[in-house]
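J.: Let's see this in three dimensions:
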Amino acid sequence: MERKWNGKALILAGMFVWALAVRFLTGCSVEKEELDKVRDLEFTVVGEADLPEELKNLVLEKKAAPFKLTYSNDQGLYIAVGYGEQMTGGYSIEVRELYLTENAIVIDTELKGPQKGEEVGVEKSYPYIVVRTEYLENPVIFQ
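T.: The predicted structure is shown next:
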């Protein structure tokens, strides 16, 4: 009786390992295909004064910690990325890429620190960026 249980356990373990291997091997190829660029998206960086009131409140509420969010209205799709509390000012954010894939919108931003010798002040800052692009229903992938 002991041998039958060990055989069954080995078969179950083998099937489990096989299922995991198939899942991970096929997952990689699907993800790569999904991120192939169809076209670049045109965008505008939106200042705080021009943000819709609801979005402005969300950004102010979340700015102390890193955040990523989307918001849409009749003017388009807004994509916001915040980098949380920084010890000084002088930070900027670069939009490295914003493009459409077959299934999603991809945005890649980078926080740039103050330049050497730049006057940064002593107050904490909360760098974030909001971009507006055409309205699309695709999910957004933040990189």
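J.: Show me where the protein dips below the pLDDT cut-off.
T.: Across the chain, residues meeting the criterion (pLDDT under 70) sit at 1-34.
J.: at 80 what do you get?
T.: 1-35, 117-118, 120 (pLDDT under 80).
J.: In its sheet, which strands sit next to the lengthiest strand in it, and in what direction?
T.: Counting residues, the longest strand found in the chain (DSSP state E) is strand 92-101. Counting by DSSP bridges, the strands paired with strand 92-101 are strand 37-40 (antiparallel), strand 105-112 (antiparallel).
J.: Can you tell me which of these is nearest to Gly76?
T.: Nearest to Gly76 among these is strand 105-112 (11.9 Å), distances taken as C-beta to C-beta. In short, each C-beta sits where N, CA and C put it, glycine included.
J.: Let's see the next helix or strand after that closest one as CSV, backbone CA atoms only.
T.: Going down the chain from strand 105-112, the next helix or strand is strand 128-133, by DSSP states H and E. The C-alpha trace of strand 128-133 is given here as CSV (Å, rounded to 0.1, in the frame of the first residue of the first chain):
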residue,chain,number,x,y,z
TYR,A,128,4.8,63.9,-10.1
ILE,A,129,3.8,64.2,-13.7
VAL,A,130,0.4,64.0,-15.4
VAL,A,131,0.2,63.5,-19.2
ARG,A,132,-3.0,63.8,-21.3
THR,A,133,-3.4,61.7,-24.5
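J.: hang on, the earlier thing: of all the strands paired with strand 92-101, which lies closest to Leu60?
T.: The minimum distance between Leu60 and the strands paired with strand 92-101 falls on strand 105-112, with 19.0 Å, by C-beta to C-beta.
J.: just to revisit the earlier point, what comes up buried for the longest strand of the chain?
T.: By neighbour count on 16 or more other C-beta atoms under 10 Å, the buried set for strand 92-101 is 93, 98-101.
J.: Could you chop this protein up by domain?
T.: For the chain, automatic domain parsing gives the domain ranges 1-34, 37-142.
J.: winner for burial among those?
T.: Among these, ranked by average contacts under mean count of other C-beta atoms under 10 Å, first place goes to domain 37-142 (a mean of 15).
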